[in-house]
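Novice: have a look at this fold, sequence not included:
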């Protein structure tokens, strides 16, 4: 049979055989590239010289060319590419995640008893590697939109900033500094939008939504519900009212503006159960012209089960932060933390005393002086505080502040947006310069003087990372036990009722409610104490690492502790009951208490059991959210520190090209007279 007369089955066999041969050729190429691999598990001893490698590659190219001619001679087309490379990579990452899970302590016990001292190390190792897997997976999920080089090429109009960012991106890509990619992407977001974002922060009930409704002269943001705003809501200019909502599954849908409470309030979207990631409201409002964007953020320090985490994550993205401090309460630690975080992110801040109509003129002046002094004492900042109100004649205070401080921004918003970007670029450049200098020192053989100390620091960082899943597991188990506290609460209520009766008093309605709430609070406090201790432990470890690495980006204790400020409260619900003094009060106390307890179970038992069941679910959700937020904040610092430790402790071998490239990249992003300038932030209003 001649080769020209192959039947369909024979042609299929020919194709699959050549495909298999090509796969083996790819395996040979993999062997040749092993020499340049940084894998700690290289399978082959590389004894192929560069000259031999070139000859092998040439033969492989000839072989493949010949295979193509064979297929062409048979009229067999090359198979189309059916599998997405990105999809395949993400599938592999999923299996890597499974492999990492199976080296955790609970799986390792299948191979023998795991020493107690090794549990934190194993948990830390899993958490450390999973962070990298998750970040790569998230990067791939963004698709081509995250091609930073391509995005920068489209920013030719941005002048010096775009040119410097292109040089920074080249340095990041050339030197593998992937830990800086998220910050660069955020800066690009700001350049691409050309908007000046004014974000309003404040405690729950500080009047953020009401203030924005008044400023924009529209009644679009929901008010009067406590707490409000489950995720940040952006208010932008548009030809007609429109609501756009993005979800965690990458779905984007449009709704009537009247549907905003369905997504932006804790009541209709509890714990962000609908998976909302972004809310944008377009309005034909006069004060939204010229690229100004207002952002209504989740309330800080609320008892809601979500919200403030999104607010803190949003902080670095705005260009001006307006912090509302309610005259009806007082300056809170969360207010100070927010102002500090704004300045640390290079974002100017303005402070407002909201609901100023509640205070007489003299008290108002005292409150303004007190807040100003507290900000100066705690933060070292001189920040003018403006009184505002939307009620009655006092509304002139808000209008005066707007005309004095915000209206001028409409003329200067492009300049202010550019200054905001410059500050962020400057901070990013300084961090990259420090990383490049570390790499250069390593290549030049300059080793850190305390290598063993750094190795101990690296191990402490890993062990500390392992503490997060440990405490999460313990707290979830403890929160699951809360449901069983209903009888404990009713027993305590019965004891107090009997005690009141024996003192000759009626048992008031709040006795049962107080007993139930105190029982719930005691259980919740145990969770808080554990996670508060974890937060302080993480802060201490990161601060010690930062000190050893001489880095300036050092976390403060409140950064982690503030993730615990939204612990939910138990809702007893229903009517409260009072208990008149029993005529059988002379009965022995244990018998009387047992009778009261049975009575309480009959009247309130189902409701109290349901309240604790609901509270168990809320606490479990809170633990998951709080630990996830703690994990994210820890990783944001730890990933930078790990990369720096790797540069200090890694092998010093480098190719001649790499040795030349680092000084070149370092010089390429050095200060230029035309670029960034002051990036330390400053007072705006």
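Specialist: Done, it's in. All figures in this text were calculated on a predicted structure; none of them were measured in a lab.
Novice: longest helix in this protein, by number of residues?
Specialist: Scanning the chain for the longest helix, with DSSP state H as the assignment, gives helix 589-649.
Novice: torsion angles phi and psi at residue 320?
Specialist: phi -150, psi 130 (degrees, to the nearest 10).
Novice: quick one: it from residue 531, how far?
Specialist: 33 Å (C-beta to C-beta, to the nearest Å). Placement of C-beta: from N, CA and C, glycine included.
Novice: for residue 94, same thing?
Specialist: 30 Å.
Novice: neighbour count: the two, which is higher?
Specialist: Of the pair residue 94 and residue 531, residue 531 is the one with more neighbours under other C-beta atoms under 10 Å, namely 25 against 12.
Novice: check whether that one sits in a helix, strand or coil.
Specialist: helix (DSSP: H, G, I helix; E, B strand; the rest coil).
Novice: tell me where the stretch 401-550 of the chain has strands.
Specialist: Under the criterion DSSP state E, counting those that start in this stretch, the stretch 401-550 of the chain carries no strands.
Novice: quick one: low-confidence ranges for it?
Specialist: Low-confidence segments of the stretch 401-550 of the chain (pLDDT under 70): 409-414, 416-417, 445-449, 500, 502-510.
Novice: same thing but at 80, please
Specialist: Applying pLDDT under 80 to the stretch 401-550 of the chain flags the ranges 407-424, 427-428, 431, 438-451, 493, 496-513, 550.
Novice: what about the helices in the stretch 201-350 of the chain?
Specialist: Under the criterion DSSP state H, counting those that start in this stretch, the stretch 201-350 of the chain contains helices at 208-216, 261-264, 308-314, 333-344.
Novice: least reliable of these going by mean pLDDT?
Specialist: Ranked by mean pLDDT, these bottom out at helix 308-314, with a mean of 44.
Novice: what distance separates stretch 77-87 from the centre of its chain?
Specialist: Its chain's average C-alpha position is 35 Å from that of stretch 77-87, according to C-alpha atoms, centre = their mean, to the nearest Å.
Novice: which parts of it are buried?
Specialist: When neighbours are counted by 16 or more other C-beta atoms under 10 Å, no buried residue of stretch 77-87 is found.
Novice: what comes into contact with that stretch?
Specialist: Outside stretch 77-87, the residues within contact range by C-beta atoms under 8 Å, 6 or more residues apart in numbering are 15, 19, 68, 71, 140, 143.
Novice: please look at the fourth one and residue 12 and confirm they touch.
Specialist: No. Residue 71 sits out of contact with residue 12 when judged by C-beta atoms under 8 Å, with a separation of 11.9 Å.
Novice: look at the two and report which has more neighbours.
Specialist: Counted by other C-beta under 10 Å, residue 71 and residue 12 do not tie: residue 71 has more neighbours, with 15 against 12.
Novice: related to what we said a few turns ago, pull out the buried residues from the contacts of stretch 77-87.
Specialist: Among those, those classed as buried by neighbour count (16+ other C-beta under 10 Å) are residue 15.
Novice: ok, so of the contacts of stretch 77-87, who is nearest residue 632?
Specialist: Nearest to residue 632 among those: residue 140, at 19.1 Å, using C-beta to C-beta.
Novice: how much space separates residue 235 from residue 592?
Specialist: From residue 235 to residue 592 the distance is 61 Å (C-beta to C-beta).
Novice: what of residue 460?
Specialist: From residue 460 to residue 592 the distance is 57 Å (C-beta to C-beta).
Novice: residue 386 now?
Specialist: Relative to residue 592, and taking C-beta to C-beta, residue 386 is found at 60 Å.
Novice: what do you get for residue 24?
Specialist: Applying C-beta to C-beta, the value for residue 24 to residue 592 is 87 Å.
Novice: more neighbours, these two?
Specialist: residue 592 (19 against 9).
Novice: gap between the more buried one and residue 65?
Specialist: For residue 592, the distance to residue 65 - C-beta to C-beta - is 98 Å.
Novice: per-residue pLDDT of residue 36, please?
Specialist: Reading off the model, residue 36 has pLDDT 64.
Novice: not counting sequence-adjacent ones, nearest residue to residue 261?
Specialist: residue 222 (4.3 Å; C-beta to C-beta, 6 or more residues apart in numbering).
Novice: er, residue 214 I mean
Specialist: Using C-beta to C-beta, 6+ apart and skipping residues adjacent in sequence, the residue nearest residue 214 is residue 390, 4.5 Å away.
Novice: and the one you found, helix, strand or coil?
Specialist: Quick answer, by three-state DSSP: residue 390 is coil.
Novice: quick one: contacts for it?
Specialist: Neighbour list for residue 390: 207, 210-211, 214, 398 [criterion: C-beta under 8 Å, 6+ apart].
Novice: relative to residue 202, how far out is residue 130?
Specialist: Distance from residue 130 to residue 202, counting by C-beta to C-beta: 35 Å.
Novice: the two: who's more crowded?
Specialist: The residue with more neighbours, out of residue 130 and residue 202, is residue 202; 26 against 18, by other C-beta under 10 Å.
Novice: bridged to that one, which residues?
Specialist: Counting by DSSP bridges, residue 202 is bridged to residue 324.
Novice: thought it was touching residue 327?
Specialist: No. If you go by C-beta under 8 Å, residue 202 and residue 327 don't touch, sitting 11.9 Å apart.
Novice: what sits in contact with each of the two?
Specialist: Here residue 202 and residue 327 have residue 354 as joint contacts, going by C-beta under 8 Å, 6+ apart.
Novice: got the domain ranges for this protein?
Specialist: 3-81, 83-143, 147-193+413-447+652-685, 195-390, 452-651 (automatic domain parsing).
Novice: for these, which one sits closest to residue 406?
Specialist: Among the domains of the chain, domain 195-390 comes nearest to residue 406, with 7.1 Å by C-beta to C-beta.
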